[in-house]
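**Student:** here is a sequence with its predicted model. Questions after.
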Amino acid sequence: MTAYLVVRAGGAPYGLPLGDVLEVLEAPEVVPVPGAHPAVRGVSPVHGRLLPRVDLGALLTGRGPDGGAPPTIVVVRGAGRTVAFEVEGVDLAMQDAVRPRPDEWEGPGAVGAARQGGERVPLREVGGLLARLDTPPEPR
């Protein structure tokens, strides 16, 4: 059994492995970075380091960020990188057996599903999510 932090991004819940979460913070200022992946809003200072600030909802959908920056970041480490995922909110951490991923839940880092309060929550692997930053988005 693995523990997951449940975050809300793009209006939907997602589980991130708790072992990959370094901290949850109020979002600091963001400085845009020209030419970055569309899901990257820019960089933000976190404990004296500039971290890429990635809109998790945009990364999952393959679109650019919608509207203003969300109020919360989740600093994660995976695949040798540290980034700040922008999320709309953070729910409680959950611990549940990983169930098979439904076929309709494709996308970056999809590893399975868990239950939280009667709701199925897609579980994502941080390294798989971050690998998407290395792939240019498909034209729409």
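**Tutor:** The structure has been received and is ready for your questions.

**Student:** in this structure, where is pLDDT below threshold?
**Tutor:** Across the chain, the ranges flagged by pLDDT under 70 are 1, 104-108, 136-140.

**Student:** what residue lies at the spatial centre of it?
**Tutor:** L56 (4.0 Å; CA atoms, centre = their mean).

**Student:** got phi/psi on that residue?
**Tutor:** phi -60, psi -40 (degrees, to the nearest 10).

**Student:** what of the one 4 residues further on?
**Tutor:** For L60, the backbone dihedrals (degrees, to the nearest 10) come out as phi -70, psi -30.

**Student:** quick check, it in contact with A9.
**Tutor:** Yes: with contact defined as CB atoms under 8 Å, L60 counts as touching A9 (6.6 Å). Heads up, the C-betas are built off the backbone N, CA and C, glycines and all.

**Student:** what's the first-to-last distance across stretch 3-16?
**Tutor:** 8 Å (CA to CA, to the nearest Å).

**Student:** stretch 7-18 now?
**Tutor:** 11 Å.

**Student:** likewise for stretch 53-71?
**Tutor:** End to end - CA to CA - stretch 53-71 spans 12 Å.

**Student:** with stretch 59-79 instead?
**Tutor:** 16 Å.

**Student:** next: stretch 111-121.
**Tutor:** 11 Å.

**Student:** so E29 lies in a helix, does it not?
**Tutor:** No: judged by DSSP: H, G, I helix; E, B strand; the rest coil, E29 forms no part of a helix; its state is coil.

**Student:** leaving out chain neighbours, which residue sits closest to it?
**Tutor:** Spatial nearest neighbour of E29, chain neighbours left out: S44 (6.4 Å); criterion: CB to CB, 6 or more residues apart in numbering.
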